[in-house]
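Enquirer: need a 3D model of the following:
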Amino acid sequence: MTHSLLLTVAAEPRSGTRNAVFLPESGSIEMLKNQREFDEALNSLKSDVPDADEYASLSQIYLSDPIIDELNSLDPFSRSYRETAMRLYKKLRRSDTYDPRRDELSQMAGIPGDLWKGVVPWSFRSPKMIGEFLMSWGHIMMLIDLSSGTVLEYGSGSGQLALMLARCGLDVHCVDVDQPSLDLIKAQADQMELPIKCESALFGEGFDGKRFDRIIFFEAFHHAWAFEALLDRLSERLALDGRLILCGEPVVSSRTPSVPFPWGPRLDGLSIFCMRKYGWMELGFSEEFLSETFLRHGWLLMDHPFPNLGRASAYVARKGSGTTINIGEPNSIPSRFIAGWSDGEGLHRWTASEVAKFPFPSGTIATVCMNNMLNVAKPVTIRSGDAVEKLTITPGQERTVTLAGPVGSTIEIHTNVDRPSDIVPGSSDNRALGIAVKTIMFR
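Expert: Numbering: from 1, shown residues only. Reported below is the predicted structural model:
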């Protein structure tokens, strides 16, 4: 749910910078192990809702807790990890219960008198902050890559993204557990004469199981406590060749004070404020864990970082089965796997080291199509889990290899590398090249 405060990217963004979204470059991280100090920081707010400066200040303080070590000693996919993560949430929130139908509400007191300046993010009165949202929404709109079709936004909040998509002519649907937020969207849509459809439901539900071309979570997926079950449900809500887009999620490329574990309730002041005051679930994820989670549930997840703005960084997921990846195209390989590959060349991409890897969604069979464009024979081994295929590809030959049976979460392509300048007379190409991979098909 994109709530009225839009406080969801307080964790350090995954785009390379380690500053919190609104943290000044000169800001410092302050670990508050003393609960009294932390409470005093939260109690220093001038009102019930942080302003832009307080927002930044809360993003700079972090609470430590012994449960962190417990979580890091457990399998993050285990039941015991999940139980421990919920125990941390309840401790931070100071409550023994969590129910999204009750705890994920905006607590909005009614439709604002000014529909255009009284709604988030315009109500923050901060051009810098609003600019971040505009860039985030623009990135989402580019990744949607539709000129017509159906779009469903989960956790649509004040509806600003949905309104822009409807103005593009898309068939827009909004689902939020918070009815006042939906009423606000309807009031704005009526004023703009836009046919947006709204329905109150939990994540994964709504609109009688209708399938959509695109499903969007903007600053909302991390409110899903049952995120693994949600991924299974979302695969049933997408149309053929549909896409799931996540943007503005607190995903970190390495452990941080806010997310010092594979996943769990975030430990920055802003997130704890939201948990304690509103009851909202405020999860954070490591990128490694999130990628593995999607693979285990049969999804291919591609990252689309946004330079110097973590809030606008996005992920695009599609169901693995039935997907063909044209390896030579831009953004065809997740950044976690890009080591070992050359730059894309349109119709192919070279392996650039002795091992190149690609994610392997659970429950699929993979077929790798390769071409030997060098003038020497290439011994190639394709491996995943217990599945191993070995072959030799002669110069100019195209070959395909299919992996089935007990496989792992990655495809490994093993071959030696050569420099064209060493083996092709007159060549000045000094790149280390293995085999040219054209496509990886999953079924």
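Enquirer: give me phi/psi at the closest residue in space to Gly340 that isn't next to it in sequence?
Expert: Spatial nearest neighbour of Gly340, excluding adjacent residues (C-beta to C-beta, 6 or more residues apart in numbering): Ala356 at 3.8 Å. (Glycine included, C-beta is placed from N, CA and C.) Ala356 has phi and psi values of phi -120, psi 140 when expressed as degrees, to the nearest 10.
Enquirer: correct me if wrong: Ala356 contacts Ile413.
Expert: Yes. The criterion here is C-beta atoms under 8 Å, and Ala356 meets it with Ile413 at 4.7 Å.
Enquirer: could you pull out the residues contacting both of the two?
Expert: Residues touching both Ala356 and Ile413 by C-beta atoms under 8 Å, 6 or more residues apart in numbering: 434, 437.
Enquirer: related to what we said a few turns ago, need the contact list for the residue nearest to Gly340.
Expert: By C-beta under 8 Å, 6+ apart, the neighbours of Ala356 are 340-341, 412-413, 434, 437.
Enquirer: can you redo these as a markdown table with distance to Asp176 and secondary structure?
Expert: Formatted as a markdown table, these follow (distance: C-beta to C-beta, whole Å; DSSP: H, G, I helix; E, B strand; the rest coil):
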| residue | distance to Asp176 | secondary structure |
| --- | --- | --- |
| Gly340 | 42 | coil |
| Trp341 | 40 | strand |
| Glu412 | 42 | strand |
| Ile413 | 44 | strand |
| Gly434 | 49 | coil |
| Val437 | 42 | strand |
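Enquirer: and the closest residue to Asp343 other than its chain neighbours, what does it touch?
Expert: Spatial nearest neighbour of Asp343, chain neighbours left out: Arg349 (7.3 Å); criterion: C-beta to C-beta, 6+ apart. Shown in contact with Arg349 (C-beta under 8 Å, 6+ apart): 327-328, 332-333, 341-343, 436-437.
Enquirer: so which of those comes closest to Thr256?
Expert: Ile333 (24.9 Å; C-beta to C-beta).
Enquirer: residues contacting the closest one?
Expert: 327, 341, 349, 358.
Enquirer: so which strand or helix has the last one?
Expert: With elements taken from DSSP states H and E, the one containing Phe358 is strand 355-359.
Enquirer: so for whatever helix or strand comes next after that strand, mean pLDDT?
Expert: Sequence order places strand 366-371 as the next helix or strand after strand 355-359, per DSSP H and E. When pLDDT is averaged along strand 366-371, the result is 98.
Enquirer: give me the residues contacting strand 366-371.
Expert: Outside strand 366-371, the residues touching it (C-beta under 8 Å, 6+ apart) are 348, 360, 380, 382, 384, 393, 397-403, 407, 411, 413, 435-443.
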